[in-house]
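Visitor: Just to be clear, the model below is a prediction. Sequence and coordinates:
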Number of protein chains: 2
Amino acid sequence: MKLSELGEFAFIDRITPGCEAADPRRVLRGIGDDAAVIESGGELLLVTTDMLIERVHFLRGTISFRQLGYKSLAVNLSDIAAMGGVPHEAFISIAIPPTVSVEELDELYDGMKALARDTGVNVLGGDTTGSKADLCINIAVTGSVPRGEVLYRTGARVGDRILVTGTLGDSAGGLTVLLERPDLPDEVAQALLQAHYLPELYLTEARILAASGAAHAAIDLSDGLASDLRHVCRGSGVGAIVNEPALPLSGALRQLCAVTGHDLLRLALGGGEDYRLLTTVDGARVAELQSTVAERTGRTLFDIGEIVAGDSIRLRHADGTCRPLALSGFDHFVTRSPESPVEGS
Amino acid sequence: MKLSELGEFAFIDRITPGCEAADPRRVLRGIGDDAAVIESGGELLLVTTDMLIERVHFLRGTISFRQLGYKSLAVNLSDIAAMGGVPHEAFISIAIPPTVSVEELDELYDGMKALARDTGVNVLGGDTTGSKADLCINIAVTGSVPRGEVLYRTGARVGDRILVTGTLGDSAGGLTVLLERPDLPDEVAQALLQAHYLPELYLTEARILAASGAAHAAIDLSDGLASDLRHVCRGSGVGAIVNEPALPLSGALRQLCAVTGHDLLRLALGGGEDYRLLTTVDGARVAELQSTVAERTGRTLFDIGEIVAGDSIRLRHADGTCRPLALSGFDHFVTRSPESPVEGS
């Protein structure tokens, strides 16, 4: 059977049986969340890993090595944040084709090390090897979270508000800029490219949310809001209503859509690699959390909807009508339209 | 600059500065040992990671997917053993080209899961993604070791005996069988291929050595004895004398060399991927450790030489003459002879 017939999530379901049988006492959460959660004596140990492959996740020549270094690490730190944790160590495996120079590798590591320094993360080596064709980077990150504060995908409760930490769809907008080269003012194009290459991180927000006790679930937006919110709802046995007028959309993305005719909602709900945090929190404590975050980081927690009973995920328009929130997230193996040759990680 | 001009170890030295600056308190050992050693509240946390790339580490068609799954995990478990630790969790990242079928992936995971089950390791997911050309597997493994029992590469002491847990060069012999198809009895060829595809692990031996307090250093033999012993000696500021007549060499390897004319010592000292443990132990306790290991695992700790003052590493022949132990280990980037297109990991 071809993997493209099965799809990524069905493949993961297929290989999961027997994986965690060896020592169940240590594993609080294995496959199926942003990071694994492991008993380790003191605080809970978090481990996550992400692989970036040339011609699949990035095209050499369209992203600088420095940006690639930043992004490779950032997507892992985002997974630790999505568990409410603090990242500590990064382990870099890299397979290097002969066409990559030492100077380019210096830049790649500079990008990683600068982000590591800013976030208090130690880069502790890993594996360095050759490759015949594609540059391949895998990063594993360890972190920790105090017992009782871990934010699983599966904890959302009916009545929770759904919050996101930033605008949606900008990374997909950046990819559109890259692939279609639309006629846009330079600062607009740059803003979208920046969102695609250098996603912001929400480590402080994650700790505020986790320590508050008011957040019940979290995930980072890697596959697109529609897909990632669906993981939370399915895992938690709940439904959701997303308020369309409340979706935070950047001026740059609106301008891109105006110029190119791309559907704004499709990019915002289906676009991958935003790496915003999505969290569901006790409705009574939203204002308090918004104010704490604004004070400490200057950022906004956008309230985009609510968790409801049932299993449907709906989009509510300004006129009060609802429609199902179409799933347009990313599957790594199912054949897709030619306009998106580069996938989220 | 081309990476092949710099070489693997110089490249690692080049990228290391600035890597561990963020939070030095947590890091007991970062880059430069078989695994990182991290403070984590209870026992010390060990983390290691290894990447296997198609056409670099393995050729599809010459190794079964089940063997590939076993070996990918085994090389990481070997690194945990080389720190004296116990492995706990494995995180699998895999980039899958469209030419690999779901059934082949089932086999790959079956090979991993069987070894994981046998060694008490939980497989906790990782990352699953596409690849345009080569199959790429990265595994990160976490483990633990009691405080005070960790076996660094850097602890060898003058007077220590040098022990290895098994015969040397068999994996390189298996690679030779694969590439040259020499005319050998089937059971001889199979024994060497088995050593190459399914390296044995020494997890119990590692714990016996670490808990004894008599072992001062350890490393797993991945690049070849000459190269790996050199890491221990350089890291520990000592020299070594290896007794040639004491080197454990299998009958199968001897037979291969008799048939092909390959140099037996070159394969034994320079051949990679043996994944035996090399340890240096208090000379007064060798017999006791050998007897404990024989009783508990039925295996032999081979005494192949001693740690001496100075910085030279010498091979002592049966007639008492010595010569420098030539470095013929593996460097992933320096151009090498065409007879060895597949590298150790």
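Guide: Happy to help now that I have it. Numbering: from 1, shown residues only, chains lettered A, B, ... in the order given.

Visitor: Spatially nearest residue to A:Arg299 (excluding sequence neighbours)?
Guide: A:Val293 (5.8 Å; CB to CB, 6 or more residues apart in numbering or on different chains). For the C-beta atoms, the positions are set from N, CA and C on the backbone; glycine is no exception.

Visitor: All the strands of chain A, in order from the start?
Guide: A:27-29, A:36-38, A:44-53, A:86-96, A:122-130, A:136-145, A:161-164, A:215-220, A:239-243, A:277-281, A:302-308, A:313-316, A:322-324 (DSSP state E).

Visitor: Just put these in CSV and tack on mean pLDDT.
Guide: Shown next, in CSV, are the strands of chain A (pLDDT from 0 to 100):
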stretch, mean pLDDT
strand A:27-29, 83
strand A:36-38, 89
strand A:44-53, 95
strand A:86-96, 95
strand A:122-130, 88
strand A:136-145, 96
strand A:161-164, 98
strand A:215-220, 97
strand A:239-243, 97
strand A:277-281, 98
strand A:302-308, 98
strand A:313-316, 96
strand A:322-324, 92
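
Visitor: Serialize those to a markdown table and add fields for distance to A:Pro17.
Guide: Shown next, in a markdown table, are the strands of chain A (distance: least, CB to CB, whole Å):
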| stretch | distance to A:Pro17 |
| --- | --- |
| strand A:27-29 | 15 |
| strand A:36-38 | 17 |
| strand A:44-53 | 21 |
| strand A:86-96 | 27 |
| strand A:122-130 | 28 |
| strand A:136-145 | 23 |
| strand A:161-164 | 32 |
| strand A:215-220 | 24 |
| strand A:239-243 | 28 |
| strand A:277-281 | 29 |
| strand A:302-308 | 30 |
| strand A:313-316 | 28 |
| strand A:322-324 | 31 |
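
Visitor: CSV for these, including mean neighbour count and distance to B:Gly283?
Guide: Putting the strands of chain A into CSV (neighbours: other CB atoms under 10 Å in any protein chain shown; distance: least, CB to CB, whole Å) gives the following:
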stretch, mean neighbour count, distance to B:Gly283
strand A:27-29, 19, 42
strand A:36-38, 24, 39
strand A:44-53, 27, 38
strand A:86-96, 26, 36
strand A:122-130, 24, 32
strand A:136-145, 28, 38
strand A:161-164, 24, 64
strand A:215-220, 26, 54
strand A:239-243, 19, 68
strand A:277-281, 28, 57
strand A:302-308, 20, 67
strand A:313-316, 19, 69
strand A:322-324, 11, 74
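
Visitor: for those, which one sits closest to B:Leu77?
Guide: Nearest to B:Leu77 among the strands of chain A is strand A:122-130; the distance by CB to CB comes to 14.7 Å.

Visitor: which strands and helices sit next to that closest one?
Guide: On a contact count with 3 or more CB pairs under 8 Å, 6 or more residues apart in numbering or on different chains; DSSP states H and E, strand A:122-130 meets strand A:86-96, helix A:102-119, strand A:136-145, helix B:8-15, strand B:36-38, strand B:44-53.

Visitor: Domain map for chain A?
Guide: A:3-145, A:153-324 (automatic domain parsing).

Visitor: Might you calculate how far the last one sits from the centre of the chain?
Guide: Centroid separation between domain A:153-324 and its chain, computed with CA atoms, centre = their mean, to the nearest Å, is 10 Å.

Visitor: What distance separates the opening and closing residues of it?
Guide: Using CA to CA, to the nearest Å, the end-to-end distance of domain A:153-324 comes to 21 Å.

Visitor: who's in contact with A:Thr48?
Guide: A:Asp34, A:Ala35, A:Ala36, A:Asn76, A:Asp79, A:Ile80, A:Ala140, A:Val141, A:Gly143, B:Phe91 (CB atoms under 8 Å, 6 or more residues apart in numbering or on different chains).

Visitor: if we can go back for a sec, just put the helices and strands packed on strand A:122-130 in CSV and tack on distance to B:Val100.
Guide: Below are the helices and strands packed on strand A:122-130 laid out as CSV (distance: least, CB to CB, whole Å):
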stretch, distance to B:Val100
strand A:86-96, 17
helix A:102-119, 27
strand A:136-145, 15
helix B:8-15, 28
strand B:36-38, 31
strand B:44-53, 14
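
Visitor: Those: which one's closest to A:Thr16?
Guide: Of these, nearest to A:Thr16 by CB to CB is strand A:136-145, at 19.3 Å.

Visitor: tell me what that closest one is packed against?
Guide: strand A:44-53, helix A:65-81, strand A:86-96, strand A:122-130, strand B:44-53, strand B:86-96, strand B:136-145.

Visitor: one more time with 6 Å, if that's ok
Guide: strand A:44-53, helix A:65-81, strand A:86-96, strand B:136-145 (3 or more CB pairs under 6 Å, 6 or more residues apart in numbering or on different chains; DSSP states H and E).
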